[in-house]
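# coords please:
(chains A and B)
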Amino acid sequence: MARVTTGITSSHIPALGAAIQTGTKGNEYWGPVFNGYQPIMDWIYADDNMPDVIVLVYNDHATAFDMNVIPTFSIGCAEKFEPADEGWGPRPVPDVIGHPDLAWHIAQSLILDDFDMCIFNDMKVDHGCTVPLSMVFGEPDKWPCKVIPFPVNVVTYPPPSGARCFALGDSIRAAVESFPEDLNVHVWGTGGMSHQLQGPRAGLINKEFDLNFIDQLIKDPETLSKMPHIEYLRESGSEGIELVMWLIMRGALGDKVKDLYTFYHIPASNTALGALILQPEDTAKEPLDPRVVHSGHSLEAV
Amino acid sequence: MTEKKKERVDIHAYLAEFEDIPGTRVFTAQRARKGYWLNQFAMSLMKEENRQRFKADNAAYLEDWNLTDAQKQAVLARDYNAMIDEGGNVYFLSKLFSADGLSFQTAAGSMTGMTKEEYAQMMIDGGRSPEGVRSKKGGY
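Sure, this is the predicted structure:
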């Protein structure tokens, strides 16, 4: 049977893609960010860690969905998804290859589990989906595994509650576990951490909030899932609301998890960046060494 | 008789709280409706042929999009705060600043009253502190 072995969180900001594209990922500004991701890349290519399929939770940034269609939770069930042209031409990365059998299985299972999913086939994927793949897999000619795009609306209010996202993750896990094929499935939650991209308050970063969020995500996600939207907005900036998507990943891992790796960095363009590897405790592997890496402004090297 | 519904959220109170955050306009349904054509105009710039037409003559291109005069002026002036006041959303508007060759950081910084350099430096120095900008009423 298929099983959810791993949850990964990642930033998906377009500037990371631009740094790769312009060959500046080793410079003084971006170097520490890519260094912080290197252990994740090393880990995923090592041993038998490579997933067969990733359920990649992200928000479409007004790309596939404009004001005409605003699905709260949607799932891409097609054979493949091309990178979108977001205004500067499509990102020069491989097409995302889907897993229609598993995607349709998850979609059907979620609907029967009271999550009224929106199903997409003809859909282009934006930086929200492809930047995390680039950060974790580098620049291969084709992505090393299948990917099921799972867009969540966090743009037009109201987005789903943290509790709903957390419960959805649990349902995704149940759906994966009822798929007969033996597959290693990852669930990735992307976006965040604290950031605000609009208005006079743009540039907000809240290190204390972010580090506490990571801690609670690992240890007490149920309490964290009850945090209302207004608190995300006040504390982590208007675009910090993306963090509700991390709760979908966390919900898919069960009650107890082991944190294999935590990377936190300030700043990446307008944002604070968090990248984690988590696994269900009962099947978790050894943590990475070092297990925690903090870099950037006012963050002590651990 | 259906099962008793869980405690419901008061949508009016939910929305009202957003107005208490300084320097922030949350993309509510009200703003989404006001900005419908402004945002759809921005989406159109995802096509190269449209970008070319827009770059050739901004004002003429905008005539196709059912925008208010205030929305047109905001776009022509590249005043992102004004565009957001007129119902624009930054992820839609990103197609406009991307077509102009500008980054998210440049666009976001342009809304703060700081120069591009000052804003970039603020981010390197750890970003804007949440102290004092969480709540208008609460002042914390």
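
# what about the closest residue to B:Ser135 other than its chain neighbours, which SS state?
Among residues not flanking B:Ser135 along the chain, B:Asp20 sits closest, at 5.3 Å (C-beta to C-beta, 6 or more residues apart in numbering or on different chains). Where C-beta positions appear, they are placed from N, C-alpha and C, glycine not excepted. Three-state assignment for B:Asp20 (DSSP: H, G, I helix; E, B strand; the rest coil): coil.

# Do you know the pLDDT at B:Asp20?
B:Asp20 is assigned 97 on the pLDDT scale.

# Can you get me a residue count around it?
Other residues within reach of B:Asp20, judged by other C-beta atoms under 10 Å in any protein chain shown, total 15.

# now do B:Glu49
Using other C-beta under 10 Å, B:Glu49 has 8 other residues around it.

# which SSE is it in?
B:Glu49 belongs to helix B:48-56 when elements are defined using DSSP states H and E.

# Please state the mean pLDDT value computed over that helix.
For helix B:48-56, mean pLDDT is 97.

# Please apply the same query to stretch A:109-125.
For stretch A:109-125, mean pLDDT is 97.

# Check what contacts it and list those residues.
With C-beta atoms under 8 Å, 6 or more residues apart in numbering or on different chains as the test, stretch A:109-125 has contacts from A:63-64, A:71-78, A:81-85, A:96, A:104, A:107, A:149, A:151, A:168, A:171-172, A:174-175, A:178.

# Please narrow these to those residing in helices.
A:Trp104, A:Ala107, A:Leu168, A:Ser171, A:Ile172, A:Ala174, A:Ala175 (DSSP state H).

# For these, pick the one with the most neighbours.
Within those, neighbour counts (other C-beta under 10 Å) peak at A:Ile172, which reaches 27 neighbours.

# Give the burial count for the residue lying closest to that residue once chain neighbours are set aside, as a bare number.
Spatial nearest neighbour of A:Ile172, excluding adjacent residues (C-beta to C-beta, 6+ apart): A:Ala252 at 4.9 Å. A:Ala252 has 29 neighbours, counted by other C-beta under 10 Å.

# Tell me which residues touch A:Ala252, please.
Counting by C-beta under 8 Å, 6+ apart, A:Ala252 makes contact with A:Val4, A:Gly7, A:Val55, A:Gly169, A:Asp170, A:Ile172, A:Arg173, A:Val176, A:Val187.

# and it, what are its phi and psi?
phi -80, psi -10 (degrees, to the nearest 10).

# Quick one, grab the pLDDT at it.
pLDDT, read off for A:Ala252, is 98.

# what does A:Ser298 give?
85.

# Please, which helix or strand holds it?
For A:Ser298, there is no helix or strand it lies in under DSSP H and E.

# Remind me which helix or strand the residue nearest to it when sequence neighbours are not counted belongs to.
Excluding its sequence neighbours, the residue lying closest to A:Ser298 (C-beta to C-beta, 6+ apart) is B:Gly126, at 5.3 Å. Using DSSP H and E, B:Gly126 falls within no helix or strand.
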